[in-house]
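S.K.: model this:
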Amino acid sequence: LGAFLARDDWAAEAAAVDADAATTYPARGADFAPVVPRPSKVVCVGLNYRNHIQEMGRDLPRHPTLFAKFADSLIGAADDIVLPPETTALDWEVELAVVIGAPVRRARGAAAEAAIAGFTVLNDITCRDWQFRTREWLQGKTWDSSTPVGPYLVTPDELPGGVRPRLEVKLTVDGEVMQQDDTGDLLFDPVALVEYVSTVVRLNPGDLIATGTPGGVGHARDPKRYLTGGERVVTEIQGVGRLENTVTEEEAS
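M.R.: Numbers count the residues shown, from 1 in each chain. Coordinates of the predicted model:
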């Protein structure tokens, strides 16, 4: 998909596909790779749902809080989430992710909107004990084989609100609802994030922007709740897709 999005004519090619004549495969049982296996960058936004900002005891930010993930952290929609032996505070975060469809730098307005190829689902699995070792979050956010993303790219024309979709997001652990909200609570919407991030760095086709998570994370609960191994985590966004992942323990090497 990343290579397809790098083509200037990808949107026209996708629109021209004859669904009746195309080769299809059953989705049930398919082994999905990350929606873009090797993006040049994965930019994540922290503290972007108003209710999550409040549950974490912070003021509403004036600017997006950015951090990054590396491609090695990404896994497919049904792959196991690896629980590292070095953490005792593995947490979940349902997120709507923007998929970039055109190279942009310092995009504004219509150019930022046009750069959004569509959206997918991402679970920003986080080692909280490592995240808060220092003031920088990267070391808690980019553990190897930790971050499910996919299974599909859904284009804006398929969603209510287009490039500013208003969709229900939900995450369950072993069937218990942990997070449930809608993207209307985002402080910085997808277009604003493309504008902001592309001011800092060039965005390439296939790059991902994870837009942040709503309230309900394990770290903010009283008492705190974390993933300990064996749990079934389901992350879903209305009209976009569903991730189903089992937490498995990794042996120290």
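
S.K.: what about dumping the CA coordinates of stretch 117-133 to CSV?
M.R.: Extracted C-alpha coordinates of stretch 117-133, given in CSV (Å, rounded to 0.1, in the frame of the first residue of the first chain):
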residue,chain,number,x,y,z
ALA,A,117,-5.4,9.5,1.7
GLY,A,118,-7.6,8.1,4.4
PHE,A,119,-7.7,6.7,7.9
THR,A,120,-6.9,3.4,9.8
VAL,A,121,-7.0,2.1,13.3
LEU,A,122,-3.9,2.1,15.6
ASN,A,123,-3.4,0.9,19.2
ASP,A,124,-0.7,3.0,20.8
ILE,A,125,0.5,0.3,23.2
THR,A,126,2.7,2.0,25.8
CYS,A,127,5.2,0.9,28.5
ARG,A,128,4.2,3.5,31.1
ASP,A,129,7.1,2.8,33.5
TRP,A,130,9.5,3.5,30.6
GLN,A,131,7.5,6.5,29.2
PHE,A,132,7.8,8.4,32.5
ARG,A,133,11.4,7.6,33.3
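
S.K.: May I see the buried residues of it?
M.R.: Applying a neighbour-count criterion of 16 or more other CB atoms under 10 Å, one finds 117-131 buried in stretch 117-133. C-beta: built from backbone N, CA, C; applies to glycine.

S.K.: quick one: which two of those residues are the most distant?
M.R.: With CB to CB as the measure, no two of these lie farther apart than Ala117 and Asp129, at 35.4 Å.

S.K.: who's in contact with the nearest residue to Lys69 once chain neighbours are set aside?
M.R.: If the residues on either side of it in the chain are set aside, Lys69 comes closest to Val42, at 4.1 Å by CB to CB, 6 or more residues apart in numbering. With contact taken as CB atoms under 8 Å, 6 or more residues apart in numbering, Val42 is in contact with Ala68, Lys69, Phe70, Ala71, Ser73, Leu74, Asp207, Leu208, Ala210.

S.K.: one step back: could you list which of the buried residues of stretch 117-133 belong to strands?
M.R.: Counting by DSSP state E, those place Ala117, Gly118, Phe119, Thr120, Val121, Leu122, Asn123, Thr126, Cys127 in strands.

S.K.: In the beta-sheet assignment, what are the partners of the last one?
M.R.: Listed by DSSP bridges, the beta-bridge partners for Cys127 are Leu90.
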